[in-house]
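> Provide a 3D model corresponding to the input given below.
(chains A, B, C and D)
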2 protein chains.
Amino acid sequence: MSSRDQLTGAMAELLWERGYAATSPRDVMARAGVGQGSMYHHFSGKHELAVEALSAVTGDLTDESSLLDGDGSPLERMKRYLTLPRPGTRGCRVGRMTQDPQVVADAELITIVAGAFETMLGRWERAIAEAIACGELPASIVPADLARTLAAIIQGGYVLARAKGEQSPMDAAIRGAVSLLDAAHTTVDTDC
Amino acid sequence: MSSRDQLTGAMAELLWERGYAATSPRDVMARAGVGQGSMYHHFSGKHELAVEALSAVTGDLTDESSLLDGDGSPLERMKRYLTLPRPGTRGCRVGRMTQDPQVVADAELITIVAGAFETMLGRWERAIAEAIACGELPASIVPADLARTLAAIIQGGYVLARAKGEQSPMDAAIRGAVSLLDAAHTTVDTDC
DNA sequence: GTCTATACCAGGATAGAC
DNA sequence: GTCTATCCTGGTATAGAC
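This next block holds a predicted model:
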């Protein structure tokens, strides 16, 4: 693998483990196993390296959320996406960035993060609207609102898991979400 | 106000705005308007100052969650607490700490954070159990799970709001939660 | 109790040799 | 392309005067 790829890979890992502010160019070079000159040859600095690494990461997570557009009834897809395995104590690779002041202040980085969320929320909204259309959820539900509620449950699950240092709060939060969706589940009166 | 109080107050503000790692003793002293000697006279260092400041902050938020034990039917209390005004783009003063590697690695600090969440989750659980007992929510609901779901919605709402730089995702997430609770709301068959 | 002076190390980047 | 040497700033803490 090229030095360049080693560097973006190492930066992606460190962004997840420590965040942006707490990751120094030294750390990245050490983990990538390359020298300083190499890094500043390929990238103008920490910022540019982070842009590249974060773009790759958000791309992965955006791919994952395409599960909301997949096979099965809308509500089934929603539950399938909700119950995807998620490492609670490690935190969300994208959501974690929003708590880093240096990321929020960096127009380019926060735009990447915001874009990833917008894409995912759009998919949530569509799936929810379909669930309502085919009678799986009541018409009283507002897709744009519930989309944010469900995305928040995942993000908040990470927060609770990290606070306790255990996976269990994340799993509990997801179970609670599913049970609430089930409780709200209306009789299916059209085919999905 | 004493220098000591100025210092803890300034630290509490900066913990909220920038987090622990990104806050330097210099910043705190500057905001508190005291000199370096004063700070190291009252506190052994950044860590001890943060312990004191964070304890005060979690105390405030814990007081707030006592609203879940207040007047009205359980479901009413839950909705009242959910719809409390929350500054989405500023983030949660407690939840934000969980994304700071230095906080999670600091046994004393993370214990303060974890304790605050445990207290709040306990209050959620009790209110939910009461709502089930008096028939406002279906018996299929597991209080411990839904407690984490609802707490996660608030925490996740902060994440979404910060990602977008706007309050609206937080408000939408809360509205979606309330509508989901309403959709799951069973007929009341006992008095609350 | 509070101040200033000082020390030391790490973050982040540049310069220039190979 | 990659390495080492070097630079400047800021984080964190200590020393000691007032």
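
> contacting residues around stretch A:112-122?
Residues outside stretch A:112-122 that contact it (Cβ atoms under 8 Å, 6 or more residues apart in numbering or on different chains) are A:51, A:54-55, A:58, A:61-62, A:65, A:94, A:97-98, A:103, A:147-148, A:151, B:160, B:163-165. Where C-beta positions appear, they are placed from N, C-alpha and C, glycine not excepted.

> please compute how far the helix ranked longest in chain A lies from its chain's middle.
Looking across chain A with DSSP state H, the single longest helix is helix A:107-133. Distance of helix A:107-133 from its chain centroid, counting by Cα atoms, centre = their mean, to the nearest Å, is 10 Å.

> mind listing what's buried in that helix?
A:109-110, A:112-114, A:116-117, A:120-121, A:123-125, A:127-132 (16 or more other Cβ atoms under 10 Å in any protein chain shown).

> please apply the same query to stretch A:52-67.
For stretch A:52-67, the buried set under the neighbour-count rule, 16+ other Cβ under 10 Å, comprises A:52-55, A:57-58, A:61-62, A:65, A:67.

> can you list the residues of chain A near DNA strand D?
Residues of chain A lying near DNA strand D by Cβ under 7 Å from any atom of the strand: A:2-4, A:34-38, A:40-42.

> which one is the residue nearest to the spatial centre of chain A nearest to, not counting chain neighbours?
Nearest to the mean C-alpha position of chain A, counting by Cα atoms, centre = their mean, stands residue A:94 at 5.0 Å. Leaving aside its sequence neighbours, residue A:94 sits nearest to residue A:116 (Cβ to Cβ, 6 or more residues apart in numbering or on different chains; 5.3 Å).

> how about the contacts made by residue A:95?
Going by Cβ under 8 Å, 6+ apart, residue A:95 touches A:155, A:158, B:156, B:159, B:163.

> can you check residue A:167 too?
For residue A:167, the contacting residues are A:87-89, A:161, by Cβ under 8 Å, 6+ apart.

> quick one, what contacts residue A:70?
Residue A:70 neighbours (Cβ under 8 Å, 6+ apart): A:77, A:80.

> try 7 Å this time
If you count contacts by Cβ atoms under 7 Å, 6 or more residues apart in numbering or on different chains, residue A:70 has them with residue A:77.

> quick one: mean pLDDT over stretch A:71-83.
The pLDDT scores in stretch A:71-83 average 97.

> and chain B, is that stretch touching that?
No - against chain B, stretch A:71-83 shows no contacts by Cβ under 7 Å from any Cβ of the partner chain, the least distance being 10.6 Å.

> any buried residues in that stretch, and which?
Applying 16+ other Cβ under 10 Å to stretch A:71-83 flags A:73-75, A:77-79, A:81-82 as buried.

> which secondary structure state does residue A:28 sit in?
What DSSP: H, G, I helix; E, B strand; the rest coil gives for residue A:28 is helix.
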